[in-house]
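Visitor: Only the shape, not the letters, is given here:
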């Protein structure tokens, strides 16, 4: 149909999205700080600020793309729509690599933070063994549980923010020293220009999570409004905190000529800062601080690995449903949400990466270089795609547009694409992981892509439409659409579907709120609570319409029967389409639709579109209580 009815449910509001964005982006400092500090030395805060500014420029294009194209897949989806399926696959395949590396590194660092919380250490190879166990546990949990972790993400983000603010406040008060920060630092000498060039791609590892957030665009209630506000505020806060934490860390461990933050404390840099703080604090405060930071760091990294598994699965779903991966990846599961095969693949490959790189002299540097290869390639492709979409799809509504334009060309996207391409070249020149591992990964992916397309009888560049996109319905034109307002998520789907159809057809929407009055009461009785709910529901529907550029007119009526009221209003208003919804529970009661929907289907004076869900989805939905909110 005109809008792909997502089996991924739109459940994310602005606070939840901010929590996920902050938690995802801010988690990487727990393993990236030591890696960057070893090479950037006293310039680590400056390197983090520079890459943070570049990250913010890149996020402008991501927000425009996700607000305009409300499908999961992130940069891979932008590129697929802007160019063709082959380039979309190349972008998505590169992003797979980044998800896998974040899973591997997060799991590897979990035992180090957990051990520090217990006033001990863990050494090689037991940290690798424990990391593999963490990945297996996450995969098992994701396979057995279908509960989304969005509510938990709010708690983790708050813990993460509290931990980082606590370290910054105590560090600035007890450790910060401009002299210590500059000690042993001489631009071009210590660190050398080669070290700076080496550190810049590594610093991209400090800003993970943007793709994970972009992959949630299909699950955000109002992406045009909530995505910009949540992403930009989260990134801005993260950049400031990163620079402050790096300044504290380099004050605690000056570069003379190297810093212990990147050697002794490389596997738990935040715990190194805690160790220095304990020298200035009484044990009654220092010991609990070490336990808190160690445990919170382990939980935050555990959550980052879990959400990266979910991000991997959502990206695989997008590629699978568009014929870029085997079909099995393009299906969702009632129990695990994403395809179980995606979860198993993410766990197996990340474990293989973790185990295989232990034989290297600097396995973490290899993985970090490999990460920079994938993320910089995807960032560059995403920004070029957003520029291309301005010309190839000018009709798309863009609730958010990249600012500072020359004609249709967004200048920040041009600058960002050029800079990320330059840093990508630096990564190839300075990192063996990027130079050898990246091309090998892409080659393996292209072989699989060719096999998949040949087995399906489809061309390499052919655009494959997903199973739940029905182009035939886009030909239907409506001038007026009626949608009753209903309680719960099916109600949200009804309104969103009506608004999207209206957007495609240039139609208007009537949002109808039916107050069902019991037989024992007269229709004119005062029902203050119901009237208030009606006003709120209509306002919410009109807000959603405004976000999509669709006129939504509201109307409230009183009736004994909801179905009869819908039919009567459809005749009175002369609408061309009625959008209704039906919960899965009616399929277990010897009928497919609810009594209300059956009545509308029999009596409606126009076409009727039923929004339904597979069995087992939205089991908690009530079908008949009242059409009271969206």
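Guide: Yep, it's here. Predicted model only: the values in this text are computed from it and were never measured.
Visitor: ok, and residue 483, which helix or strand is that part of?
Guide: Secondary structure from DSSP states H and E places residue 483 in strand 480-484.
Visitor: Can you name every helix or strand that that strand contacts?
Guide: Applying 3 or more CB pairs under 8 Å, 6 or more residues apart in numbering; DSSP states H and E, we find strand 480-484 packed against helix 489-505, strand 508-516, helix 562-573, strand 577-582. In short, each C-beta sits where N, CA and C put it, glycine included.
Visitor: wait, what's in contact with the residue nearest the centre of the chain?
Guide: Nearest to the mean C-alpha position of the chain, counting by CA atoms, centre = their mean, stands residue 213 at 1.9 Å. Residue 213 makes contact with 17, 20, 21, 24, 62, 227, 230, 231, according to CB atoms under 8 Å, 6 or more residues apart in numbering.
Visitor: switch to 7 Å and redo it
Guide: Residue 213 makes contact with 20, 21, 24, 231 under the criterion CB atoms under 7 Å, 6 or more residues apart in numbering.
Visitor: Which residues does the strand holding residue 483 contact?
Guide: With contacts defined as CB under 7 Å, 6+ apart, strand 480-484 is touched by 494-495, 498, 501-502, 507-512, 514, 566, 569-570, 573-580, 627.
Visitor: before we move on, the earlier item: any idea how far the residue nearest to the centre of the chain lies from residue 154?
Guide: 14 Å (CB to CB, to the nearest Å).
Visitor: now swap in residue 259 and tell me
Guide: Using CB to CB, residue 259 is found at 35 Å from residue 154.
Visitor: If you count surrounding residues, which of the two has more?
Guide: The neighbour count for residue 259 versus residue 154, taken as other CB atoms under 10 Å, is higher for residue 259 (28 against 17).
Visitor: check contacts around the more buried one.
Guide: Shown in contact with residue 259 (CB under 7 Å, 6+ apart): 37, 41, 250, 253.
Visitor: average pLDDT across stretch 408-425?
Guide: For stretch 408-425, mean pLDDT is 96.
Visitor: again, but for stretch 133-146
Guide: 88.
Visitor: show me where the stretch 301-450 of the chain has strands.
Guide: Counting by DSSP state E, counting those that start in this stretch, residue ranges of the strands within the stretch 301-450 of the chain are 405-406, 409-410.
Visitor: Let me know which of those is the nearest to residue 137.
Guide: strand 409-410 (43.0 Å; CB to CB).
Visitor: What strands line up against that closest one, and which way round?
Guide: strand 405-406 (antiparallel) (DSSP bridges).
Visitor: How far off centre is the strand it pairs with?
Guide: A distance of 28 Å separates the centroid of the chain from that of strand 405-406, by CA atoms, centre = their mean, to the nearest Å.
Visitor: How about stretch 258-272?
Guide: Put simply, stretch 258-272 sits 30 Å off its chain's centre (CA atoms, centre = their mean).
Visitor: Pull out the buried positions in the host helix or strand of residue 50.
Guide: Assessed by DSSP H and E, residue 50 sits inside helix 44-68. Residues 44-49, 51-52, 54-68 are the ones in helix 44-68 that count as buried (16 or more other CB atoms under 10 Å).
Visitor: same question, stretch 506-518
Guide: Judged by neighbour count (16+ other CB under 10 Å), stretch 506-518 contains these buried residues: 507, 508, 509, 510, 511, 512, 513, 514, 515, 516, 517.
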